[in-house]
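1. sequence and predicted model, in that order:
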Amino acid sequence: MVHQHSSQARLSPSSYEEDIALLLAPRLAYFAGVARHEHVTRAAQEMGVPQSTLSRAIVRLEQDLGVVLFARKGRTVSLTPAGRTFLTSVERALAEVERAAESVQADADPASGKVAFGFLHTMGSETVPGLIRAFRADHPRIRFTLVQNYGEAMIERLRAGELDLCLTSPVPDAPDLVARRLDEQRLRLVVPDDHRLAARKRIRLAEAADETFVTLEPGYGLRRITDDLCAEAGFTPRVAFEGEEAETLRGLVAAGLGVALLPPPAVARPGVVELTVTSPRAAREIGVAWLDGQVDTAPVAAFKRFLLSRRGHLLPD
């Protein structure tokens, strides 16, 4: 009865779950050790703590729970039925904590840790595989979790702690992020090979004001750049289709559905002609971003240094 009174005095009903977790967590390993040995002195010796500390921890644990976990018989103890029930869950919880600790330690290992890296769809065929291949020449055991997505989605995942770094465009400007410009990629006006402009090599974007465009969906960085360039050229593009992949758009251009402003393809695609845009200057900046104040593990720090060293040489020739 005293146990129940003591526990109730310290645990507020409004925050019981939070309080009980904080109170119990440091004592669970002590409880499991005593249960394993059924002897406080031997458990204290194995765990390297004073016997008095261990005894007080067990008493406080029982007080916090309001349940007797051990039957005392001289210097030995044995689990009560409630103690045996509790031990099953405690051992499971401690094993899970141990697995979690091993996992984060493995991810932070300088030689074989993990980097969670995001990148744009348009960088997935050549740029990112080339970067990882070059990085792993000196760090062969570093592991990657790769996420391919559009810019805004990757920024959200950075903020959620799901990514360590991401390659994105435009280069973000936000107070909670650090971003560094790495390279620039020229954009081309892609037209069908039987289009009235297909014989040209260069074009002013204003000459495409009457064309129908196929573009990426709103929220994609390339869509924002397309809209901005068209506005600078003096028109609002008439959009026939909004997609999620640049190569899908290139295929739709080949099918005659419209024209598109796109970065160069990894492999030349039949059915289209790619024109250099002379005015306005059509290019997109590509940069790497991470969360401000983020403490990098050794693998993340190494990959970040590698990316920054590629400034001006990020993209394949």
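-> Ah, there it is.
2. can you show me the CA trace of stretch 59-74 as CSV?
-> C-alpha atoms of stretch 59-74 as CSV (Å, rounded to 0.1, in the frame of the first residue of the first chain):
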residue,chain,number,x,y,z
VAL,A,59,12.8,-0.6,-4.7
ARG,A,60,12.1,2.6,-6.6
LEU,A,61,11.0,0.6,-9.7
GLU,A,62,8.5,-1.4,-7.6
GLN,A,63,7.3,1.9,-6.0
ASP,A,64,6.8,3.5,-9.4
LEU,A,65,4.9,0.5,-10.7
GLY,A,66,3.0,-0.1,-7.5
VAL,A,67,3.8,-3.8,-7.9
VAL,A,68,6.1,-6.2,-6.1
LEU,A,69,8.5,-7.7,-8.6
PHE,A,70,10.7,-9.8,-6.3
ALA,A,71,10.2,-12.0,-3.3
ARG,A,72,13.1,-11.5,-0.9
LYS,A,73,14.7,-14.5,0.9
GLY,A,74,17.8,-13.3,2.7
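3. what mean pLDDT does it have?
-> Averaged across stretch 59-74, the pLDDT comes to 88.
4. please apply the same query to stretch 98-110.
-> Averaged over stretch 98-110, pLDDT sits at 91.
5. in that stretch, what counts as buried?
-> residue 107 (16 or more other C-beta atoms under 10 Å). For glycine as for every other residue, the C-beta is placed from the backbone atoms N, C-alpha and C.
6. and the end-to-end length of stretch 238-254?
-> 18 Å (C-alpha to C-alpha, to the nearest Å).
7. who's in contact with stretch 191-206?
-> 189, 207-208, 211, 229-230, 232-235, 253-256, 259, 261, 270-273, 275-280, 282 (C-beta atoms under 8 Å, 6 or more residues apart in numbering).
8. quick one: buried ones out of those residues?
-> Buried subset of the contacts of stretch 191-206 (neighbour count, 16+ other C-beta under 10 Å): 189, 208, 211, 229-230, 233, 253-254, 259, 261, 272-273, 275, 277, 280, 282.
9. give me the subset of those residues lying in helices.
-> Cross-referencing those against helices under DSSP state H gives 229-230, 253-254.
10. and which of those is nearest residue 300?
-> Closest to residue 300 out of those is residue 229 (34.4 Å), distances taken as C-beta to C-beta.
11. how far away is that closest one from residue 237?
-> 9 Å (C-beta to C-beta, to the nearest Å).
12. same question for residue 37.
-> Taking C-beta to C-beta as the measure, residue 37 falls 75 Å from residue 237.
13. and those two? Which one has more around it.
-> A count of neighbours by other C-beta atoms under 10 Å puts residue 237 above the other of residue 37 and residue 237, at 23 against 17.
14. show me what contacts the closest residue to that one other than its chain neighbours?
-> Once flanking residues are discounted, residue 237 sits nearest to residue 213: 4.1 Å by C-beta to C-beta, 6 or more residues apart in numbering. Residue 213 sits next to 226, 230, 237-240, 258-261 when contact means C-beta under 8 Å, 6+ apart.
15. can you do 6 Å?
-> 237, 239, 258-259 (C-beta atoms under 6 Å, 6 or more residues apart in numbering).
16. equivalent analysis for residue 250, please.
-> 190, 269 are the contacts of residue 250 under C-beta under 6 Å, 6+ apart.
17. try residue 57
-> The contact partners of residue 57, taken as C-beta under 6 Å, 6+ apart, are 27, 30.
18. against residue 50, how distant is it?
-> Using C-beta to C-beta, we find residue 57 at a distance of 10 Å from residue 50.
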